[in-house]
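here are the coordinates; sequence isn't available:
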């Protein structure tokens, strides 16, 4: 038998040859040092190729894809639950004020009514002005929000949950410091 | 173990968890392929996501007589080729590399061939193979990754690329010889 070619060696290593050819190759290898070395060389190459490092997917990847395919929809049931929770909270808040203030229930209703009326009058004016502003700014805000959401989604796919918590805490601290700084700056004149 | 075909059928009937199972099963093999084709983790994750979305939207066209994963990887392969076309990379000429006789590494083994692979520790050898992979023409790199990283059979690769099995085998062997040549030059 002639010396082996590389393609024959690969077929031999992968067990893709008929048994008769396998036998003649094995017999040839027992007497040919050059072919033995060539087989060992390619065997090692194939072994290393089969155990190349794995690219791991981030933990949040599956959810990220599912969210793109099946976007969350707010159902009528969700709206009802939200409205019920809001209403219950308002009633609880009212009774909490009643208990703490010690006012007569009728007086409290009157005060509340007056406050609501004054709030409504103010709101109508503010709303008229705000509506114009919102209509102009809506598209800009929407784009910024979608960019932020996209950024956050990419970030959450990249970093671990622990790192995300750390980053959130850091963001809160920086924001708080900025607010304190802004407040000091604004009230600097008053103190003086 | 639930068959992919059943998961596809259930997904088409509206079962979201069935598609989630498809995702969990195939996301890592797909990322390992796409990652090595584009060479950038962030881009590879985006591409993997887009391929799954494309797969989901085309699910009704899947023909159950074919293996699901060959269909999925065919979508991925086409997606990557489209990307290169848009980036104005001439995929046709890329595909020609390795087909021309002068580019093919010879299968004859010279009598003075050095044993290169034995000179590297296994971890180092893997790193060198990864480096060499980046130098391979994409059309050969793709076949190498499917065969050795994704552990596809030659028949499966032939089905994805719609090529004769013999051609696929030859190209996979060529890719390995090219990698060996790269390692030889490195030493």
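It's in. These figures come from a predicted structure and were not determined experimentally. Numbers count the residues shown, from 1 in each chain, chains lettered A, B, ... in the order given.

hey, let's count contacts and neighbours off CA atoms from now on
OK.

what about the helix or strand where residue B:155 lies, average pLDDT?
In this structure, residue B:155 sits in helix B:154-161 according to DSSP states H and E. Computed over helix B:154-161, the mean pLDDT rounds to 96.

from the chain's centroid, how far away is the next helix or strand after it?
Scanning the chain past helix B:154-161 towards its C-terminal end, the next helix or strand to appear is helix B:165-186 (assignment: DSSP H and E). For helix B:165-186, the separation from the chain centroid amounts to 14 Å (computed by CA atoms, centre = their mean, to the nearest Å).

helix B:165-186 near chain A at all?
Yes: contact of helix B:165-186 with chain A is found when judged by CA under 8 Å from any CA of the partner chain, involving B:170, B:173, B:176, B:177, B:180.

please tell me how far the last one sits from residue B:174.
Pointing back at residue B:180 there. Relative to residue B:174, residue B:180 is positioned 10 Å away (criterion: CA to CA, to the nearest Å).

hang on, the earlier thing: of the residues of helix B:165-186 next to chain A, which is the most crowded?
For the residues of helix B:165-186 next to chain A, counting by other CA atoms under 10 Å in any protein chain shown, the largest number of neighbours falls to residue B:176: 26 neighbours.

and that one, what does it touch?
By CA atoms under 8 Å, 6 or more residues apart in numbering or on different chains, the residues touching residue B:176 are A:45, B:144.

can you give the domain ranges for the chain?
You didn't say which chain, so I picked chain A. Per the record, chain A has its domains at A:6-50, A:61-158, by automatic domain parsing.

ah, I was thinking of chain B
When chain B is cut into domains by automatic domain parsing, you get B:4-86, B:91-186.

weakest of those domains by average pLDDT?
Across the domains of chain B, domain B:91-186 has the smallest mean pLDDT, namely a mean of 86.

work out the gap between that one and the centre of the chain.
So, by CA atoms, centre = their mean, the centroid of domain B:91-186 is 12 Å from its chain's centroid.

quick check: residues of chain B near chain A?
If contacts are counted using CA under 8 Å from any CA, the residues of chain B sitting beside chain A are B:20, B:23-24, B:27-28, B:31-32, B:35, B:45, B:49, B:52-53, B:56, B:107-109, B:111, B:113, B:115-118, B:122, B:125-126, B:129-130, B:148-149, B:151, B:170, B:173, B:176-177, B:180.

nearest to chain B, of the domains of chain A?
Across the domains of chain A, chain B has its closest neighbour in domain A:6-50 (4.8 Å, CA to the nearest CA).

now do that closest one, average pLDDT.
In this model, domain A:6-50 has a mean pLDDT of 94.

does residue A:54 count as helix, strand or coil?
Secondary structure of residue A:54, reduced to three states by DSSP: H, G, I helix; E, B strand; the rest coil: coil.

not counting sequence-adjacent ones, nearest residue to it?
Counting by CA to CA, 6 or more residues apart in numbering or on different chains, residue A:54 lies nearest to residue B:32, which is 6.6 Å off, once chain neighbours are set aside.

so which strand or helix has that neighbour?
Assigning secondary structure by DSSP H and E places residue B:32 in helix B:16-38.

do the same with residue B:14
Taking DSSP H and E as the definition, one finds residue B:14 inside no helix or strand.

circling back to that earlier point, among the residues of chain B next to chain A, which ones are buried?
By the neighbour-count criterion of 16 or more other CA atoms under 10 Å in any protein chain shown, the residues of chain B next to chain A include these buried positions: B:20, B:23, B:27-28, B:31-32, B:35, B:45, B:49, B:52-53, B:56, B:107, B:116-117, B:122, B:125-126, B:129-130, B:148-149, B:173, B:176-177, B:180.
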